[in-house]
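Asker: After the sequence you'll find the predicted model.
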Amino acid sequence: MLRSINHPVRDATLSTPLLSAVSPPSTTTTSDSDESSSSADNSFRYDYHDLNFNTPPPPRPPPLPAAVFCSSYKSLAVLSGHVSSVSCLALCGEFILSASQGKDIIVWQQPDLRQFTKFGHGDGSVKSVVTAGNKVFTAHQDSRIRAWKVSRSSENVFKLIDTLPTKKDYLGKFMKQSNYVQTRRHHKLLWIEHADSISCLAVSNGLIYSGSWDKTLKVWRISDFKCLESIKAHDDAINGLAAINGIVYSASADGRIKAWGRRKTTDGGGDNKITHSLKGILQGHKDISINSVVVNQNGSLVYGGASDGYIMGWAADEGFESWKLVCEAKAHATAVLCVCLVGEFVCSGSADKSICVWRRDLIGGGLVRYMVVKGHEGPVKCLQASPERVGGGFMLYSGSLDKSIRVWWIPNHSVEDSAVSTEKRLKF
């Protein structure tokens, strides 16, 4: 069920494009919102390009020395339909995918935000969802990854095509004793299997990366779903992954983010082999867990959200051989559970039920608080943001332990906007 919240709506019927594009991964104190308590049970349809909120741009100090607060965000909708906590979100062309601890994956269609379909029933609690082309990959508590094909030409839009590890992978390895690893006392598994829940996924350069509570990072090839590598990555559970430009970053409850570099080697038979090696360790605070990690588009900046309420940022050198800590921002009173990055903004969701939006320094990587978004009645577990500019801002989607997904419009005022606005105010 969807509840609409006070916002401009144009009474028109819009065409929704076929699934043709995949949005890239993207991935705190007090503030007043203009959220209205009015609600309706019926769905609505609106044109993003008609959003005109006429909000004055907030000031943006050039060197980012102090916090800038802006309370002009808009709460556009509350999406209800999950029977349990919302665990993850993904943007897939015209669709928003939301998954929960209740084993269901709901597909919401934009722009009207109606519930389009459900899939994945009975496949175990869903921990992560990522998209790659016309495929969707879901990670589950039963230690499996499921691959779904997306097609508008068939009645079954989201069709299960395989489960990883695949049967072919099993058959090729189960006879050889050297393919088994000790997972706990008197128990062995094939190295292609995760021994515990898969907590996170990332997609990059034709590969899927999976991180698990079993402390390992596994690498899979999208073309045939074959497991290529298993890495004993951390001393505690892996909570988050981000991958770009041949480097994958793994965030862990051991308080570290590790950077793994991809390389191609040739085996004895002359075949190319993909392996990963440790390039660097990004150290967090002592005795904390890093729950989420994101990286900017060129890979030069990495941000991690931690259990002590901090967001920490690291800048890579030109050769991506070392990383320097560039910011430590006290984002929330309690744990940061998720982080997403869109353009010059970093968004953090917390156990304190709020979302904090930060403007980042495009050169140095420092953060200044831009606004605090409130509305959820439970901890904010997952965030996604659309990179498309909408009405002078961007769309932010949040999932919570209160079983709801909320849709927000966040204003994006540039330095030029602020200067023009200031000049106009001076003339009057």
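Answerer: Yep, that arrived.
Asker: what's the first-to-last distance across stretch 132-145?
Answerer: End-to-end distance for stretch 132-145: 14 Å, by C-alpha to C-alpha, to the nearest Å.
Asker: Buried by neighbour count: which residues of that stretch qualify?
Answerer: Ala132, Lys135, Val136, Phe137, Thr138, Ala139, His140, Gln141, Ser143, Arg144, Ile145 (16 or more other C-beta atoms under 10 Å). In this view, the C-beta of every residue, glycine as well, is placed from N, C-alpha and C.
Asker: Quick one: distance of that stretch to the chain centre.
Answerer: 14 Å (C-alpha atoms, centre = their mean, to the nearest Å).
Asker: how many neighbours does the residue nearest to Ser85 when sequence neighbours are not counted have?
Answerer: With C-beta to C-beta, 6 or more residues apart in numbering as the criterion, Ser85 has its nearest non-adjacent residue at 4.2 Å, and that residue is Leu401. Leu401 sits with 20 neighbouring residues when counted by other C-beta atoms under 10 Å.
Asker: For Leu401, give me its contacts.
Answerer: Ser85, Val86, Gly378, Pro379, Lys381 (C-beta atoms under 8 Å, 6 or more residues apart in numbering).
Asker: Not including adjacent chain positions, what is the nearest residue to the fourth one?
Answerer: If I follow you right, that is Pro379. Ala351 (4.2 Å).
Asker: if we can go back for a sec, could you check the distance from the residue nearest to Ser85 over to Gly304?
Answerer: Look at Leu401 and Gly304: by C-beta to C-beta, to the nearest Å, they are 21 Å apart.
Asker: Greatest separation within the contacts of Leu401: which pair is it?
Answerer: Val86 and Pro379 (10.4 Å; C-beta to C-beta).
Asker: which of the two has more neighbours?
Answerer: Counted by other C-beta under 10 Å, Val86 and Pro379 do not tie: Val86 has more neighbours, with 29 against 19.
Asker: Show me what the helix or strand hosting Phe137 is in contact with.
Answerer: Take DSSP states H and E as the rule and Phe137 turns out to sit in strand 135-140. Here strand 135-140 makes contact (C-beta under 8 Å, 6+ apart) with 90, 92, 97, 99, 105, 120, 123-131, 145-150, 158, 161, 197-201, 203, 208, 210, 222.
Asker: List buried residues within those.
Answerer: In those, the ones that pass as buried (16+ other C-beta under 10 Å) are 90, 92, 97, 99, 105, 120, 123-131, 145-150, 158, 197-201, 203, 208, 210, 222.
Asker: In strands, which of those residues appear?
Answerer: 90, 92, 97, 99, 105, 126-131, 145-150, 158, 198-201, 203, 208, 210 (DSSP state E).
Asker: how close does Glu94 get to Ser100?
Answerer: Taking C-beta to C-beta as the criterion, Glu94 is separated from Ser100 by 21 Å.
Asker: Looking at those two, which one has more neighbours?
Answerer: Per other C-beta under 10 Å, whichever of Glu94 and Ser100 has more neighbours is Ser100, with 23 against 18.
Asker: Bridge partners for that one, pull those for me.
Answerer: Assessed by DSSP bridges, Ser100 has beta-bridge partners Val86.
Asker: check contacts around it.
Answerer: The neighbourhood of Ser100, defined by C-beta under 8 Å, 6+ apart, consists of His82, Val83, Ser84, Ser85, Val86, Ser87, Ser125, Val126, Lys403.
Asker: So the third one: helix, strand or coil?
Answerer: In this case it means Ser84. coil (DSSP: H, G, I helix; E, B strand; the rest coil).
Asker: who's the nearest residue to His234 once chain neighbours are set aside bridged to?
Answerer: Sequence neighbours aside, Ser252 is the residue nearest to His234 in space, at 3.9 Å (criterion: C-beta to C-beta, 6+ apart). On the basis of DSSP bridges, Ser252 is bridged to Ile238.
Asker: number of nearby residues for Ser252?
Answerer: 26.
Asker: now it: how far from Phe158?
Answerer: Distance, Ser252 to Phe158, using C-beta to C-beta: 31 Å.
Asker: how long is stretch 331-338 end to end?
Answerer: With C-alpha to C-alpha as the measure, stretch 331-338 spans 12 Å from end to end.
Asker: can you check stretch 218-230 too?
Answerer: Its first and final residues considered, stretch 218-230 spans 4 Å by C-alpha to C-alpha.
Asker: What residues of that stretch count as buried?
Answerer: Going by neighbour count (16+ other C-beta under 10 Å), the buried part of stretch 218-230 is Lys218, Val219, Trp220, Ile222, Phe225, Lys226, Cys227, Glu229, Ser230.
Asker: Nearest to Ile247 among these?
Answerer: For those, the nearest to Ile247 is Val219 (12.7 Å; C-beta to C-beta).
Asker: Can I take it that the closest one is in a strand?
Answerer: Yes: when classified by three-state DSSP, Val219 is found to be part of a strand.
Asker: which ones are touching it?
Answerer: Val219 touches Leu207, Ile208, Tyr209, Cys227, Leu228, Glu229, Ser230, Ile231, Ile274, His276, counting by C-beta under 8 Å, 6+ apart.
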